[in-house]
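Participant: sharing a model prediction with you, sequence too.
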Amino acid sequence: MQNNFQSSVDEISFQILLLLSSKQVLAIPEIARAIDQTPDVVYSKVAVLERNHFVEGENGKLKISRAGMAHLFERGMQLPKVGQSNQPKELVTPQGMMFLPILVLFGLLLALLFLVLITIRTHQAAMIIASVALLAVIVFYVLKSCQRVSEYERIVVFRMGKCIGAEGPGLVLLLPIIDKPITVDLRVKHQEVPHETCITQDNVQIDVDFVFYWKIQQPVWSVTKVTDAEESIKLLATALLRAVIAHFPFNDVLNKRESINDLLKDKIDEISSEWGVYVTTMEIREIKPPEEIVKSMHKQREAEWLRQATVINAEAQAEALKLLYQIATLIDDKTLNLKYFEMLRDLGQGEATKYIFPLELTNLLRPLLHAYESGKNPSETTTDNKRGDAKQGQPQDPSDLLKEGS
C-alpha cells in the first residue's frame, strides 16, 4: 500500500518533501509561504505525509524522514548536500516569534538608558518621572511577555488575530496585549462514554459502555480548525459508534468486539486527523442487552450445558460397561474367590453385630430347609433331588404328570 502511495504523490506533497530535504526543521506556516500555498492546503498534505511516515513532527515543526528521502531518491532528484540550502531568503532570515519581543525589549532598554543619561545631566523632575515610568513599563513588559511552557505543553500564539504558530517547551517571549496565547496539552487523555444506546442490524437495542484515549498531535490545528477538541472528539466517537454497531448483528457485536474497536478507531481517525487529534486506543468495556434477551441467553446456555452433561454421562456409562465386560471375561475362579474374601472382610468391619454365613454353608443347608418346609425326611429330599437331577433333560411319562397333578 505504501508503494502505491509513493507512486501517486502529488506535486504539492512533492514540493513539501523537496523543501524539507535540506535537513532543516520548518513550521507549517513557513512551508506555506515557501511553496506559495494556503496553510489549509499544506495542513491536509502534511497529514497524509505523516500518515505514511514521510515526514516527522518535532515540537510543532516538521522534518523529512528516511522514507521521504528514499522517495525523493527514487524520483531521481539530486538531494542537497549538508550546508547547502534551496530555501527562499525569507526562510533563512529569522522568522521566530521570539525575535520581535526581544527587539521590542531591546528598544525599551535603549530608551530607558537614554532617559537616564538625560536625567543625570539635567536633573529635571520630569525626566526622572519619565525614567521611572519607563522602568515600570519594562518590568511589566518582562513579566507579561515571559511564558514558561512545560514539556507536555505547547503555546499557540495569535498576533493581532493571526495565528503565527506554536512554541515550546521552555521559555517563550510574547508581546503583551498584542499576542494572545492559547495553551494546548499534548498528553494522552481518556474519555468515558457510559451507557450509550445503540441498535444492531437485527433491531436489538443495547447499551454500550466504552472508553477511548486520544492526544493532540498538531496544536495549531486543534485550535484553528475545531472549537472544542475534547467535546468534538467525544460527540464524533458517540455518533460513529452508533453507525458501526448498526452494521453488525447482535451475535457479531458480542463475538467481534476487537474488530469493532479497530473499525471504529479507523473511522474516527479519518475525521479527527483534520483537527490535529489522534485516537490511540478505542475499547468497548461492556455491552448490556435487554433483560429478556439475557434470560433467553441464560436458558440457551443452560440447555447447552445440560445436553453436553447428558452426552458425557452416557459416554462414560458406555465406556464403564464396556470396560466391565472386558474385565468380567478375564475373571477366573481364583480371582472370584479372592474378591469374595475381600467382600467378607469389608462386611466384618464396623462395631455392629453381624452374622455371616459362608456361601458353602448355605448351599449345604438349602436342601434341609426345603425339606423342613415340605415336611419330608431330609434323606428323602436328597434322594428326590438326585432323582430330579437325573430326570432333567428326559421326557416324563404322561401318567406321572397325571399323578403329580392329582
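Facilitator: Arrived safely, thanks for sending. Numbering: from 1, shown residues only.
Participant: any idea of the mean pLDDT in the host helix or strand of His298?
Facilitator: His298 is located in helix 291-328, with elements delineated by DSSP states H and E. The pLDDT scores in helix 291-328 average 86.
Participant: quick one: the following helix or strand past it to chain centroid distance?
Facilitator: Next in sequence after helix 291-328, counting helices and strands by DSSP H and E, comes helix 333-348. Computed by CA atoms, centre = their mean, to the nearest Å, the chain-centroid distance of helix 333-348 equals 65 Å.
Participant: give the rounded mean pLDDT of helix 333-348.
Facilitator: Helix 333-348 comes out at a mean pLDDT of 71.
Participant: dump that helix to CSV, restricted to CA.
Facilitator: Only the C-alpha atoms of helix 333-348 are listed here, as CSV (Å, rounded to 0.1, in the frame of the first residue of the first chain):
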residue,chain,number,x,y,z
ASP,A,333,-12.4,-68.9,39.9
LYS,A,334,-9.4,-67.9,41.9
THR,A,335,-10.0,-64.2,41.3
LEU,A,336,-13.7,-64.7,42.1
ASN,A,337,-12.8,-66.4,45.4
LEU,A,338,-10.3,-63.6,46.2
LYS,A,339,-12.9,-60.9,45.6
TYR,A,340,-15.3,-63.0,47.8
PHE,A,341,-13.0,-63.0,50.7
GLU,A,342,-12.3,-59.2,50.3
MET,A,343,-16.1,-58.7,50.4
LEU,A,344,-16.3,-60.7,53.7
ARG,A,345,-13.5,-58.6,55.2
ASP,A,346,-15.3,-55.4,54.3
LEU,A,347,-18.5,-56.7,55.8
GLY,A,348,-16.7,-57.6,59.0
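Participant: so that helix versus helix 291-328, what angle?
Facilitator: 120 degrees (axes from the mean of the first three to the mean of the last three CA atoms, to 10 degrees).
Participant: list the buried residues for helix 333-348?
Facilitator: Of all the residues in helix 333-348, not one is buried under the rule 16 or more other CB atoms under 10 Å. From N, CA and C alone the C-beta is placed, and that goes for glycine too.
Participant: give the other helices and strands that it contacts.
Facilitator: Helices and strands touching helix 333-348, as assessed by 3 or more CB pairs under 8 Å, 6 or more residues apart in numbering; DSSP states H and E, are absent.
Participant: got the domain boundaries for this structure?
Facilitator: 2-92, 99-184, 189-293, 356-388 (automatic domain parsing).
Participant: can you list those domains in a markdown table and add mean neighbour count and distance to Gly348?
Facilitator: What follows is the domains of the chain, written out as a markdown table (neighbours: other CB atoms under 10 Å; distance: least, CB to CB, whole Å):
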| stretch | mean neighbour count | distance to Gly348 |
| --- | --- | --- |
| domain 2-92 | 16 | 86 |
| domain 99-184 | 15 | 84 |
| domain 189-293 | 16 | 61 |
| domain 356-388 | 11 | 7 |
